[in-house]
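Provide a 3D model corresponding to the input given below.
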Amino acid sequence: MLKKTISQDGFSVSELGLGCMGMSEFYGPIDEKEAVKTLERAIELGITHFDTADVYGFGHNEELVGKTLNPYRDQVVIATKFGIVRDKNDPTARGINGRPDYVKESCEGSLKRLGIDAIDLYYVHRIDLDIPIEDTMGALADLVQQGKIRHIGLSEASPEIIRRAHATYPLTAIQSEYSLWSRGPEKDILPLCESLGIGFVAYGPVGRGFLTGKMKSLNVLDPTDARRHLPRFQDENLTHNLKVVETIETFAQSKNCTPAQLCLAWVLAQGKQITAIPGTRHRSYLEENCKSLNLHFTPEELSSLDKAFPFGFAKGDRYPAAMMATYNLKE
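Presented below is the predicted three-dimensional model:
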């Protein structure tokens, strides 16, 4: 697998990364043995970019990623996040904290759980609108100076926040949901990243698995799967969005690839500064995803995909209303 430099500060990662969230929570019962094997298989396949966060599994995900990747520490880039606050007594509740003291406290916790001396890429997971972003970035800059983090990123941030943050301390990456059915970043975020020399990391590049064509109804999801509560998976929204998947399947057949591979290749084709971190906890899906790197599009094919999946065609918000209200990037 080739590496690509996605930012002007020389930050280099494998063309495709691995989102690790589902190995610990949100998508039904976990299988830690398979998760470990998936992480190890990712190393064998040349993946160097691994994405986690302190709230995934209330710290379990960082611990899992840290202990599994420890033997390969000099080969990998570990990205984690802070800023979303959860309560084990009410796992569905969410708060946001960007206070400088919380930034530093969170960093210490992540370093300990990961078992590393420095975090390669440290994201503000969600923007605290009650705290000036300059204050949050100042604390992060202090951590860079102390050698505890190497690069700074923001997740789900607006153009204004990105500009202000970058003026305080250079950003390396912006992470947002981006796929054929979540094209919001194209309006302002992607052009801004390109102009400022900031990398863009796409999470959810296959629509949380929906665009793979393997979810014809909610019955295939475990009763505890969090996707059951996402608007795009509900009622008439689901019916509409399933027709979209049929179109993706048709395109995939014409390219002799799977829908997942088509979606991943499309995301990577949108810009040199873009990388994707599809999440999976199974080796078979990981291997399928990696084969997307062999897929290329003609300008005519990209144009056809753009026309088939225009901005805003998907029905339903990306998250429930209470969560969307806290986001800087709505689409």
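
Grab the nearest non-local neighbour of G279.
Excluding its sequence neighbours, the residue lying closest to G279 (Cβ to Cβ, 6 or more residues apart in numbering) is G19, at 3.2 Å. Where you see a C-beta, it was placed from the backbone N, CA and C, and this is true even at glycine.

Tell me how many other residues surround the one you found.
25 (other Cβ atoms under 10 Å).

so who does it touch?
By Cβ atoms under 8 Å, 6 or more residues apart in numbering, G19 lies in contact with 51, 203, 277-280.

ok, 6 Å please
51, 203, 277, 279 (Cβ atoms under 6 Å, 6 or more residues apart in numbering).

Would you mind listing the buried residues in stretch 249-269?
Across stretch 249-269, burial judged by 16 or more other Cβ atoms under 10 Å covers 249, 251-252, 257-268.

for stretch 25-41, same thing?
Neighbour counts over stretch 25-41 (16+ other Cβ under 10 Å) mark 25-27, 30, 35, 37-39, 41 as buried.

And the contacts of it?
Under the criterion Cβ under 6 Å, 6+ apart, residues 23, 56-57, 68, 222, 224-226, 281, 283, 286 lie in contact with stretch 25-41.

For A141, the count of nearby residues, please.
Neighbours around A141, by other Cβ under 10 Å: 15.

Give the phi and psi angles for it, as a check.
Dihedral pair for A141: phi -60, psi -40, per degrees, to the nearest 10.

Without its sequence neighbours, what residue ends up closest to it?
Y169 (4.3 Å).

Show me the helices in the stretch 201-331 of the chain, by range?
235-254, 259-268, 283-290, 299-308, 321-324 (DSSP state H, counting those that start in this stretch).

from what I can see P278 touches Y203, true?
No - the criterion here is Cβ atoms under 6 Å, and P278 misses it with Y203 at 8.4 Å.

Who has more neighbours out of the two?
Set P278 next to Y203 and count neighbours by other Cβ under 10 Å: P278 wins out with 27 against 21.

Just the pLDDT for that one.
Per-residue pLDDT puts P278 at 97.

From G95, how far off is it?
28 Å (Cβ to Cβ, to the nearest Å).

May I have the residues that are in contact with F200?
Contacts of F200 (Cβ under 6 Å, 6+ apart): 174, 193, 273-274.

how deep is G279 tucked in, by neighbour count?
So G279, with other Cβ under 10 Å, has 23 neighbours.

got the contact list for it?
So G279 contacts 19, 21-22 (Cβ under 6 Å, 6+ apart).

I'd like those residues laid out as CSV, including secondary structure, distance to E301 and pLDDT.
Below are those laid out as CSV (DSSP: H, G, I helix; E, B strand; the rest coil; distance: Cβ to Cβ, whole Å; pLDDT from 0 to 100):
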residue, secondary structure, distance to E301, pLDDT
G19, strand, 26, 97
M21, helix, 31, 93
G22, helix, 30, 93
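
tell me which of these is nearest to Y72?
Closest approach between those and Y72, by Cβ to Cβ: G19, at 17.6 Å.

Bridged to the closest one, which residues?
Note on G19: beta-bridge partners D51, G279, judged by DSSP bridges.

which residue ranges form the strands in the stretch 1-150 of the chain?
Listed in chain order, the strands of the stretch 1-150 of the chain (DSSP state E, counting those that start in this stretch) span residues 3-5, 12-14, 18-19, 49-51, 77-82, 84-87, 90-96, 121-124.

Next, count neighbours for the closest residue to I198 other than its chain neighbours.
The shortest distance from I198 to any non-neighbouring residue, by Cβ to Cβ, 6+ apart, is to L171 (5.1 Å). L171: 27 surrounding residues under other Cβ under 10 Å.

if I read this right, L171 contacts G197, doesn't it?
No - if you go by Cβ under 6 Å, L171 and G197 don't touch, sitting 9.2 Å apart.

Looking at the contacts of G19, which is nearest I127?
Nearest to I127 among the contacts of G19, counting by Cβ to Cβ, is Y203 at 15.8 Å.

for the closest one, which residues make a bridge with it?
With DSSP bridges as the rule, Y203 is bridged to E177.
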